[in-house]
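>>> I would like to see how this sequence folds:
(one chain, ligands or ions: 1)
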Amino acid sequence: MIKILRLGHRRGRDDRISTHVGLTARQWGADRIIFSGESDDSMIESQRDIVGRWGGSTEIEYREDWKKVVKDFEGLKVHLTMYGLRIDEEIGGLKERFEEDDLLVIVGAEKVPRWVYTHVDFNISVGNQPHSEIAALAVFLDRIQDDGIRQDFEGAEIFVRPSEDRKLTEKK
Ligand code: SAM
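Predicted coordinates for the structure are as follows:
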């Protein structure tokens, strides 16, 4: 089971990036995506809408008390940060843990409180340079799983027919 916690959403300013965190997490098999920060029903609803049309069972929710999400999670807790230990050096051990345990991956927006660094099992960097929560999440979820990219989403109303030279979609 994979859970994602996205900290510090700012309504208006982060709509697009938060939506892309959700869609990326879904593409790599996240079962549940939890947003915290400012409550934003329209951002949450639009993601549920996408899941409804494109299928799968990823659950999307908002939780104000994100510390409780971290404290209550039983399993492997990983915070992605440019200041963390290098993914290349830690991924072997993380994969072994993930075979046994559920996984919680935490990504931030702006500054992440120090509390997070001390309440997770691992602080992991995808390169020690600043970039983006979307990129960090995609690379991490891809590395920790063998076949990370999901192809089939149950219950989809619409799906893509892969094409060499055009946009092809079909509806059920
Ligand atoms: N200086 C910030 C920090 O604390 O990492 C960068 C904020 S960045 C705009 C938003 C989020 O992207 C971070 O909270 C982290 O989850 C993720 N991120 C950015 N660069 C990363 C990197 N090199 N490795 C892992 N995660 C990264």
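>>> bridged to Ile2, which residues?
In this entry, Ile2 is beta-bridged to Leu103, by DSSP bridges.
>>> state the distance from it to the ligand.
Going from Ile2 to the ligand by CB to the nearest ligand atom, to the nearest Å gives 16 Å. Bear in mind the C-beta positions are built from the backbone N, C-alpha and C, glycine included.
>>> what does the pLDDT read for that residue?
Ile2 is assigned 98 on the pLDDT scale.
>>> repeat for Lys111
Here the pLDDT value assigned to Lys111 is 90.
>>> cool, Asp152 as well?
Looking at Asp152, its pLDDT is 89.
>>> burial measure for it, as a count.
Close neighbours of Asp152, defined as other CB atoms under 10 Å, add up to 8.
>>> got it, and the one 3 residues further on?
Residue crowding around Gly155 was assessed by other CB under 10 Å; the count is 12.
>>> tell me the SS of it?
Following DSSP: H, G, I helix; E, B strand; the rest coil, we place Gly155 in the coil state.
>>> quick one: stretch 52-59 to chain centroid distance?
Distance, stretch centre to chain centre, for stretch 52-59: 15 Å (CA atoms, centre = their mean, to the nearest Å).
>>> which residues does that stretch contact?
22, 25-26, 30-33, 51, 150, 153-159 (CB atoms under 8 Å, 6 or more residues apart in numbering).
>>> what about 10 Å?
For stretch 52-59, contacts defined as CB atoms under 10 Å, 6 or more residues apart in numbering pick out 2-4, 22-23, 25-27, 29-34, 47-48, 50-51, 150, 152-160, 171-172.
>>> next: stretch 107-119.
If you take CB under 10 Å, 6+ apart as the criterion, stretch 107-119 is touched by 4-10, 13-14, 17-18, 21, 24-25, 36-37, 66-67, 70-71, 73, 77-81, 83-84, 106, 123, 132-134, 136-137, 140.
>>> show me which positions of it end up buried.
The neighbour-count check on stretch 107-119 (16 or more other CB atoms under 10 Å) flags 107-109, 112, 116 as buried.
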